[in-house]
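A.B. asks: here is my input; please provide its structure:
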Amino acid sequence: MEHAAASELTFLANPKYAHKVKHTRAGAVLVSEPIDGLAAAQLISSNPDLDMARAAELFYQPPRPKAGIHPLASVAATARIGENASIGAFAVIGEHVTIGSNAVLHPHVVIYEGAHIGDDFYAHAHAVVREHCRVGHRVILQNGVVIGGDGFGFVKRSDGTHYKIVQSGITVIEDDVEIQTLTSVDRARMGETRVKRGAKIDSLVQVGHACVVGEDNIVCAQTGLAGSSILGKNVLLAGQVGVSGHLTIHDNAVVYAQSGIGGDVEAGHVVSGSPAFEVREWLRAVTAFPKLPELVRTMRQLEKRLAALESSHGPEK
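C.D. replies: Below is the predicted model of the structure:
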């Protein structure tokens, strides 16, 4: 808002920034309700954040490569590519791959043998879809995403060395999923790892083997899911959350940043801390935490006074 000029549009989505909007030089402002004394034109919206996102598309569209297969791309003879695809230089598409219509594969994208991908797939440079994995429609993979890398599975031999467990399962990415840069969604040891419809996964996230990321989940950066974690619908994991394996975070739960999840989280609960617990209790705990040294000093002083008192009066009869 503070940088917008007279020919530009801005928006107010969070009321705590309302004091800034009165000083904006923007030509127009998207707001949820009228604001007195505002010189700029006010566009009343039930969701200013959403409408600003829609308006931005009128001013900027990311460049889309022209349809066609670059002569430096490698496409297996058995691969089936839908119409209107754009395959960039040094992209590699393996044997028996199926890709739907309107796909965009930027340079150095690699699709392993037997992968099946739907329509409107968009993969940025260095994204990888491994063998036999399945990807739905309108999926976006940002740079460096790996779909179906081996799950982290080893068995220790009697001599202490590690024996690699074959990761024979796959990874399934459902429709309308977007995965941000340098994130890994591992294939399962057996069965599948699944990211369900509409989930959005941020950068630098690790989704372990046989996990389920539920519909419309938001998983923020630097979060790690250990194997066989299950997330229900509309779960929000803030940044740097660690989730132990073989547990369930149920529908509509929210986990605050830097939390450690060691057990199931009930539907609709909001938790924080490591180990995580109910957020209101956590807020009281963190408020008390800085006071602990003072409380310890006070307790020791009271113990000394009590000991001195007992010494002066002798033992109780």
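
A.B. asks: report the mean per-residue pLDDT for stretch 278-290.
C.D. replies: Stretch 278-290 carries an average pLDDT of 85.

A.B. asks: residues touching it, excluding its own?
C.D. replies: Identification of contacts with stretch 278-290 by CB atoms under 8 Å, 6 or more residues apart in numbering yields 254, 256, 269-273, 276. Quick note: C-beta positions are derived from backbone N, CA and C, even for glycine.

A.B. asks: rerun that using 6 Å as the cut-off
C.D. replies: Stretch 278-290 is contacted by residues 270-273 when judged by CB atoms under 6 Å, 6 or more residues apart in numbering.

A.B. asks: can I get the buried part of those as one ChimeraX selection?
C.D. replies: To isolate the buried members of those in ChimeraX, using 16 or more other CB atoms under 10 Å:
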select :270,271,272,273
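
A.B. asks: of the contacts of stretch 278-290, just say which sits nearest to residue 40.
C.D. replies: Nearest to residue 40 among these is residue 270, at 36.3 Å by CB to CB.

A.B. asks: tell me the one of the contacts of stretch 278-290 nearest residue 134?
C.D. replies: Nearest member of the contacts of stretch 278-290 to residue 134, counting by CB to CB, is residue 271, at 32.5 Å.

A.B. asks: show me where the stretch 1-150 of the chain has helices.
C.D. replies: 18-21, 48-59 (DSSP state H, counting those that start in this stretch).

A.B. asks: should've said the stretch 201-317 of the chain
C.D. replies: Secondary structure of the stretch 201-317 of the chain (DSSP H, counting those that start in this stretch): helices at 279-288, 292-313.

A.B. asks: pull out the buried positions in the first one.
C.D. replies: Applying a neighbour-count criterion of 16+ other CB under 10 Å, one finds 279, 282 buried in helix 279-288.

A.B. asks: returning to what we had before: residue 210 is nearest to which of the helices of the stretch 201-317 of the chain?
C.D. replies: helix 279-288 (28.7 Å).

A.B. asks: what angle do helix 292-313 and the closest one make with each other?
C.D. replies: 60 degrees (axes from the mean of the first three to the mean of the last three CA atoms, to 10 degrees).

A.B. asks: from the middle of its chain, how far away would helix 279-288 be?
C.D. replies: 26 Å (CA atoms, centre = their mean, to the nearest Å).

A.B. asks: cool, and stretch 243-252?
C.D. replies: Put simply, stretch 243-252 sits 15 Å off its chain's centre (CA atoms, centre = their mean).

A.B. asks: got it, and stretch 288-301?
C.D. replies: On CA atoms, centre = their mean, the centre of stretch 288-301 falls 39 Å from the chain's centre.

A.B. asks: how about the CA coordinates for that stretch, as CSV?
C.D. replies: C-alpha atoms of stretch 288-301 as CSV (Å, rounded to 0.1, in the frame of the first residue of the first chain):
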residue,chain,number,x,y,z
ALA,A,288,5.8,-18.6,32.0
PHE,A,289,9.0,-20.0,30.6
PRO,A,290,11.2,-16.8,30.8
LYS,A,291,10.1,-16.5,34.5
LEU,A,292,11.4,-20.0,35.4
PRO,A,293,14.9,-18.8,36.6
GLU,A,294,13.3,-16.2,38.9
LEU,A,295,10.9,-18.8,40.2
VAL,A,296,13.8,-21.2,40.9
ARG,A,297,15.7,-18.4,42.7
THR,A,298,12.7,-17.6,44.8
MET,A,299,12.1,-21.3,45.7
ARG,A,300,15.8,-21.7,46.8
GLN,A,301,15.5,-18.6,48.9
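
A.B. asks: returning to that earlier point: turn the helices of the stretch 201-317 of the chain into JSON lines, columns for distance to residue 149.
C.D. replies: JSON lines is the format used below for those (distance: least, CB to CB, whole Å):
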{"stretch": "helix 279-288", "distance to residue 149": "34"}
{"stretch": "helix 292-313", "distance to residue 149": "43"}
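
A.B. asks: how is the chain carved up into domains?
C.D. replies: Per the record, the chain has its domains at 9-59, 68-279, by automatic domain parsing.

A.B. asks: show the end-to-end separation of the last one, please.
C.D. replies: Terminal residues of domain 68-279 are spaced 52 Å apart (CA to CA, to the nearest Å).

A.B. asks: what sits against the residue nearest to residue 118 when sequence neighbours are not counted?
C.D. replies: Excluding the flanking residues, the one nearest residue 118 by CB to CB, 6 or more residues apart in numbering is residue 137, at 3.8 Å. Residues near residue 137 by CB under 6 Å, 6+ apart: 118-120, 175.

A.B. asks: can you flag the buried ones in those residues?
C.D. replies: Neighbour-count burial (16+ other CB under 10 Å) applied to the contacts of residue 137 gives 118-120.
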